[in-house]
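Trainee: When you get a sec, could you give me coordinates for this:
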Amino acid sequence: MDARKPSPRLWLLRCLQVAIVALLAGGAFGAAAGAAGGIAAGLGVAGADVACALVALAFVRRRFRAWGYEERGEDLVVTRGVMFRRQSVVPYGRMQFVDVTAGPFERLFGLATVRLHTASPVSDARIPGVVSGEAARLRDRLAALGEARAAGL
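Mentor: Have a look, this model is predicted:
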């Protein structure tokens, strides 16, 4: 499958989020451990915090690389999953509406998430980390294809 991947800006955003959490947690717990047990305890907690941040970055990297989507003639294919790979095939005629969302951090990086809604409550076709302009183009294209395919039902 020649799938499109999320924007590299999403990886940058995820790295920033992990770094912020690591700095806040490391600073708070390191200071508390340093006050309670001395400088060695504070440095030990800071080292553990760095190790946890590196593990979190490795996991976030794998998650980032697992996402992909492909627009085909009759449907949209969305792949995701680190441990358990999941591939959703959403026929254009089954789409009810396409939603584009962007939280404050996504907007800061010029990104959005495209979510497809179908009649099925278990369909989870969302595409994170799409550049805002591409997200709007994708939304309009999928909506037009959905309307064209649904008219034939």
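Trainee: So Phe29 sits against Val45, correct?
Mentor: Yes - at 5.0 Å, Phe29 and Val45 qualify as touching, with contact defined as C-beta atoms under 8 Å. Bear in mind the C-beta positions are built from the backbone N, C-alpha and C, glycine included.
Trainee: Of these two, give the one with the bigger neighbour count.
Mentor: Here Phe29 and Val45 are set side by side on neighbour count (other C-beta atoms under 10 Å), and the busier one is Val45, at 21 against 15.
Trainee: which residues does the residue nearest to the spatial centre of the chain contact?
Mentor: The chain has Pro128 as the residue nearest its centroid, 4.4 Å off, counting by C-alpha atoms, centre = their mean. For Pro128, the contacting residues are Pro6, Leu10, Trp67, Leu111, Thr113, taking C-beta atoms under 8 Å, 6 or more residues apart in numbering as the criterion.
Trainee: need the contact list for the first one.
Mentor: Contacts for Pro6 (C-beta under 8 Å, 6+ apart) come out as Phe64, Trp67, Ile127, Pro128, Gly129, Val130.
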